[in-house]
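Undergrad: what shape does this take:
(chains A, B, C and D)
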There are 2 protein chains.
Amino acid sequence: MLNRMTTDAPRRGRPPRGSAPGLSRSRVLGEALALVDEEGVEEVSMRKLARRLGVDPMSLYNHVDNKDAILDGITELILASAEFPASTSDLRSDMIELARAFRRAMLEHPRAAPLVLTRQLSSSQALAPTEIVLATLRRAGLSPQDAVHSMRTVLAFLIGTLMREVSAGPTFAAGDAEAIRSRRAELEESGLPMVAEAAPFLAVCDHDAEFEFGLRVLLEALDAELARTEI
Amino acid sequence: MLNRMTTDAPRRGRPPRGSAPGLSRSRVLGEALALVDEEGVEEVSMRKLARRLGVDPMSLYNHVDNKDAILDGITELILASAEFPASTSDLRSDMIELARAFRRAMLEHPRAAPLVLTRQLSSSQALAPTEIVLATLRRAGLSPQDAVHSMRTVLAFLIGTLMREVSAGPTFAAGDAEAIRSRRAELEESGLPMVAEAAPFLAVCDHDAEFEFGLRVLLEALDAELARTEI
DNA sequence: ACCTGAACACCGTTCAAGT
DNA sequence: ACCTGAACACCGTTCAAGT
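TA: Residues are numbered from 1 along each chain as shown, chains lettered A, B, ... in the order given. Sure thing, here's the model as predicted:
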């Protein structure tokens, strides 16, 4: 940052140094995602982002509409990074793999994941995963209506589970024994008998196990429900 | 707002007029919730809130630690407003009623609900609903561990469903036929065959039905799962 | 076409000064 | 004990001016 040129005084026109030769929408979004990964969503500002790119804050507006469009762009970037498997002949295992792929994509960007889980986009980028899921469900014989219904139920579970997982932060972290101990003590002294009794289980959360358990139970239930209404 | 006194000039010391005779934590939080209800979470600022209370912005800091504590306070206010039914002898219908009560509380403050669904508080205020749910599950014979597990699975579904419901905004609104028509057209022209085919169902969302369907399916599945592992 | 800087109307919060 | 205002270090965004 020091001694970048012979002078420190900023100039007008084209930037004098190599840090930002060609700004572009994709460079802006990529740097924005990196910023979210490092510092969290609430730390994103146009000015800070511009600083990282070595550019005037206002230059960003040549490539994105506004800050909100940047957050939408991050969402699309993450959705596009998910690698969804093609459908096979087994619906249940297909759905499990689709859900795992979605979860994997979120966990690669835990601080950005709330954006994806919170914003509902209707761009074609954001519809691509929907297309894949619907294709899998339709191929297994579900009607379009049942497919939409099933997708929504599973997605609600995924969103709820992942919101807990990515915003839990240090609490519930697997290794942090000290945090678990103090949380457990806090729950035990809450004065609430059921909470105190269940404190050992409330103080920890095995996210992998919760995810796999809930997903399995839910998919079995949907199977049963669909079998019932098909008769 | 005009002509509040003989002079417009603000003074020091105790406020000269009746608008804010005694500020208090509960008055601050109540007004904050009203502000969120009217304008949304992102419109909350200490300055705007103070203006509504007829008070200097800095006065708020005598009653709350900071802005984040206000948002936490709103969450506790809403959680405390939920009226959870006592448990009966039927676990399934108890859980359904608990879930409905939670949903009702969220839907009374749709713009504030994301705060409740997003922040995980460990204050005793926030633990009260947990105590009630655990008591219901324990009374039905579940072990503390199974109770925590079941509560988490149901809560994940509730959070996901309600996040969709409260942040869906005008899209998916029951009455707005024009919005539905244009959304459907958009989906049909997306170029994605499954999305286009399912457009009539993707363009609408009966939140009541989705909620009841998912909840029923999930609780049945949990019942079956618990019956299985108990053998 | 793209980048820039001043300017506008905001923020949250600290701190010393009032009553 | 509580309220106040100036001040600090920030925001997002518009707009005219540069190259």
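
Undergrad: show me what contacts A:R119?
TA: A:L71, A:D72, A:T75 (Cβ atoms under 8 Å, 6 or more residues apart in numbering or on different chains). Where C-beta positions appear, they are placed from N, C-alpha and C, glycine not excepted.

Undergrad: what distance do you get for the last one to DNA strand D?
TA: In this structure, A:T75 and DNA strand D are 16 Å apart, going by Cβ to the nearest atom of the strand, to the nearest Å.

Undergrad: got the contact list for that residue?
TA: By Cβ under 8 Å, 6+ apart, A:T75 lies in contact with A:L115, A:V116, A:R119, A:L121, A:A126.

Undergrad: helix or strand for it, which one?
TA: helix A:67-81 (DSSP states H and E).

Undergrad: which helix or strand lies directly C-terminal to that helix?
TA: Next element after helix A:67-81 (DSSP H and E): helix A:91-107.

Undergrad: helices and strands around that next one, which ones?
TA: helix A:67-81, helix A:113-118, helix A:124-139, helix A:144-167, helix A:207-230 (3 or more Cβ pairs under 8 Å, 6 or more residues apart in numbering or on different chains; DSSP states H and E).

Undergrad: can you put those in CSV and add distance to DNA strand C and mean pLDDT?
TA: Output for these, formatted as CSV (distance: least, Cβ to the nearest atom of the strand, whole Å; pLDDT from 0 to 100):
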stretch, distance to DNA strand C, mean pLDDT
helix A:67-81, 13, 96
helix A:113-118, 20, 96
helix A:124-139, 21, 94
helix A:144-167, 19, 95
helix A:207-230, 30, 91
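
Undergrad: so for B:A82, which of those sits nearest?
TA: Ranking the helices and strands packed on helix A:91-107 by proximity to B:A82 (Cβ to Cβ) places helix A:144-167 first, at 17.6 Å.

Undergrad: the closest one near chain B at all?
TA: Yes: Helix A:144-167 is in contact with chain B by Cβ under 8 Å from any Cβ of the partner chain, via A:144-145, A:147-149, A:152-153, A:155-161, A:163-164, A:167.

Undergrad: restrict those to the buried ones and give me that as a PyMOL selection.
TA: Typed into PyMOL, the line below selects the buried ones among the residues of helix A:144-167 next to chain B, using 16 or more other Cβ atoms under 10 Å in any protein chain shown:
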select buried, chain A and resi 144+147+148+149+152+153+155+156+157+158+159+160+161+163+164+167
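
Undergrad: angle of the helix holding A:T75 against helix A:91-107?
TA: Interaxial angle, helix A:67-81 versus helix A:91-107 (axes from the mean of the first three to the mean of the last three Cα atoms, to 10 degrees): 140 degrees.

Undergrad: angle of helix A:67-81 against helix A:124-139?
TA: Counting by the same axes, to 10 degrees, helix A:67-81 lies at 40 degrees to helix A:124-139.

Undergrad: any idea how far helix A:67-81 is from the chain center?
TA: On the basis of Cα atoms, centre = their mean, to the nearest Å, helix A:67-81 is displaced by 10 Å from the centre of the chain it belongs to.

Undergrad: can I get that helix in PDB, CA atoms only?
TA: Presented in PDB, the C-alpha positions along helix A:67-81 are these (Å, rounded to 0.1, in the frame of the first residue of the first chain):
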ATOM      1  CA  LYS A  67     -25.100  -2.400  -3.500                       C
ATOM      2  CA  ASP A  68     -28.100  -4.600  -3.500                       C
ATOM      3  CA  ALA A  69     -27.300  -5.900  -7.000                       C
ATOM      4  CA  ILE A  70     -23.800  -6.900  -5.700                       C
ATOM      5  CA  LEU A  71     -25.500  -9.000  -3.000                       C
ATOM      6  CA  ASP A  72     -27.700 -10.500  -5.600                       C
ATOM      7  CA  GLY A  73     -24.700 -11.200  -7.700                       C
ATOM      8  CA  ILE A  74     -22.900 -13.000  -4.800                       C
ATOM      9  CA  THR A  75     -26.000 -15.200  -4.500                       C
ATOM     10  CA  GLU A  76     -25.900 -16.200  -8.100                       C
ATOM     11  CA  LEU A  77     -22.200 -16.800  -8.000                       C
ATOM     12  CA  ILE A  78     -22.700 -19.300  -5.100                       C
ATOM     13  CA  LEU A  79     -25.700 -21.000  -6.700                       C
ATOM     14  CA  ALA A  80     -23.700 -21.400  -9.900                       C
ATOM     15  CA  SER A  81     -20.900 -23.000  -8.000                       C
END
